[in-house]
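Undergrad: Provided below for reference: sequence and predicted model.
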Amino acid sequence: MKKLIPIIALCTNLIVLTIAQAQSVTNGPSVDLLKTAPVSGGLVVHAGAMDAGFAVAAAQAGPWVVAVIPANSVSASAIRAEIDKRGVSGQVTILDGLAGGSDGGMPFVANSVTVLAVDSDALG
């Protein structure tokens, strides 16, 4: 089981979402939460991403910057291609050096992450 504690320890006011692949990522409850959240923007981290759907939808839902930690290197390539195709490169960043998990910690300063979205398939 992967450790999520380092991410959570960096965030005091944090919205945590779990995303099921079966859910519609463009109009699903996770994206709706971003649109109605008590904060109007910030940093969304999508851990264990299998595709770019949620990241693209989050970037288009408001003033959110999205950092994607892919589930693996194959997902990273596909996610990068989709982000480029959808025109949100720059607003959405791929942290493919962390794909598949890492013991090196997360590259975020304390209290910088507003939303942590975890792909439920990545939880195992």
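TA: Sure thing, it's come through. Numbering: from 1, shown residues only.

Undergrad: buried residues of stretch 60-70, list them for me.
TA: Neighbour counts over stretch 60-70 (16 or more other CB atoms under 10 Å) mark Gln60, Ala61, Trp64, Val65, Val66, Ala67, Val68, Ile69, Pro70 as buried. (C-beta placed from N, C-alpha, C; glycine too.)

Undergrad: in the helix or strand containing Thr114, what counts as buried?
TA: Taking DSSP states H and E as the criterion, Thr114 maps to strand 113-119. By neighbour count with 16+ other CB under 10 Å, strand 113-119 contains the buried residues Val113, Thr114, Val115, Leu116, Ala117, Val118, Asp119.

Undergrad: please identify which of those is nearest to Val44.
TA: Val115 (4.3 Å; CB to CB).

Undergrad: pLDDT score for the closest one?
TA: pLDDT, Val115: 83.

Undergrad: now do stretch 85-101: everything it contacts.
TA: 2, 52, 55-56, 58-60, 64-73, 75-76, 79-80, 83, 104, 106-107 (CB atoms under 8 Å, 6 or more residues apart in numbering).

Undergrad: just the residues you listed: which are in strands?
TA: Among the contacts of stretch 85-101, DSSP state E puts Trp64, Val65, Val66, Ala67, Val68, Ile69, Pro70 in strands.

Undergrad: TSV for the residues you listed, including distance to Leu34?
TA: Shown next, in TSV, are the ones in strands among the contacts of stretch 85-101 (distance: CB to CB, whole Å):
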residue	distance to Leu34
Trp64	6
Val65	12
Val66	10
Ala67	14
Val68	15
Ile69	18
Pro70	20
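
Undergrad: make a markdown table from those and add pLDDT and distance to Leu33 to it.
TA: What follows is these, written out as a markdown table (pLDDT from 0 to 100; distance: CB to CB, whole Å):
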| residue | pLDDT | distance to Leu33 |
| --- | --- | --- |
| Trp64 | 89 | 12 |
| Val65 | 93 | 17 |
| Val66 | 93 | 14 |
| Ala67 | 93 | 18 |
| Val68 | 92 | 18 |
| Ile69 | 88 | 19 |
| Pro70 | 88 | 22 |
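
Undergrad: Thr93: how many residues sit nearby?
TA: 15 (other CB atoms under 10 Å).
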